[in-house]
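> task: produce atomic coordinates for the following.
(one chain, ligands or ions: 2)
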Amino acid sequence: MNIATDILVHEHDIILRMINVINNAMQRLNSGEKIETGDLRQMVDFIRNFADHCHHAKEEDVLFKRMNEKGFPVQGGPIQVMLMEHDEGRRYVQNFEKAIDEYEKGNQDAVKQIIENAGGYAMLLTEHIQKENNILYPMGNRIFDENDQKNLIEAFENVEKNIVGEGVHEKYERMVETMEQKYML
Ligand SMILES: [Fe+2]
Ligand SMILES: [Fe+2]
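Ligands and ions are numbered 1, 2, ... in the order given. Coordinates of the predicted model:
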């Protein structure tokens, strides 16, 4: 039986690779090196469009909804915590982007803001992914039957086709590779 959340776990792996790049870039910034704003903006782009749009859309619009239909409460349960963490991530990214604007203007205090927000995001998402991989997804998989899994996989494919768009997923996988070559030496 194909397990739908394996698709999400694979996306987590790609997100974690970008998080490694972000952590590395933040260490460099912290030690006084300059980082190209174009690269910082690519990190924002990746987080918004791959982590949030490609991935969180599958969780929020498909998986969590299906778990809720199967009897998992949203309020007061782990799904609510996951949703709150997605929102927390979005706030970090907004502030990360604002700090890049300031950095570009030459505001030296902006370095601290970038490190705080990009680093905060990286830490939040690393823990968030562990909770999903090790707790939330297995909880769902205990109650999904073969038919549920099939429907979920189909729904994920529809998200890719209708919401994300063709070639977008691949574009961000390539972005991670390019950034790794630059930052993970
Ligand atoms: Fe999530
Ligand atoms: Fe996730």
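> in this protein, what spans have low per-residue confidence?
Along the chain, the model assigns pLDDT under 70 to no residue.
> show me which residues of it are close to ligand 1?
59, 82 (C-beta under 5 Å from the ion). In this view, the C-beta of every residue, glycine as well, is placed from N, C-alpha and C.
> pick out the residue closest to the middle of the chain.
In the chain, the residue lying closest to the centroid (C-alpha atoms, centre = their mean) is A51, at 2.9 Å.
> how about that residue: what's its closest non-neighbour residue?
I15 (5.0 Å; C-beta to C-beta, 6 or more residues apart in numbering).
> now the host helix or strand of that neighbour: buried residues?
Per DSSP states H and E, I15 falls inside helix 5-30. Residues 5, 7-8, 11-12, 14-26, 29 are the ones in helix 5-30 that count as buried (16 or more other C-beta atoms under 10 Å).
> who touches whichever helix or strand comes after it?
Scanning forward in sequence from helix 5-30 by DSSP H and E, the next helix or strand is helix 37-46. Contact with helix 37-46 is made by 18, 21-22, 25, 93, 96-97, 100, 103-104, 114, 118, 172, 175-176, 179, 182-183, as judged by C-beta atoms under 8 Å, 6 or more residues apart in numbering.
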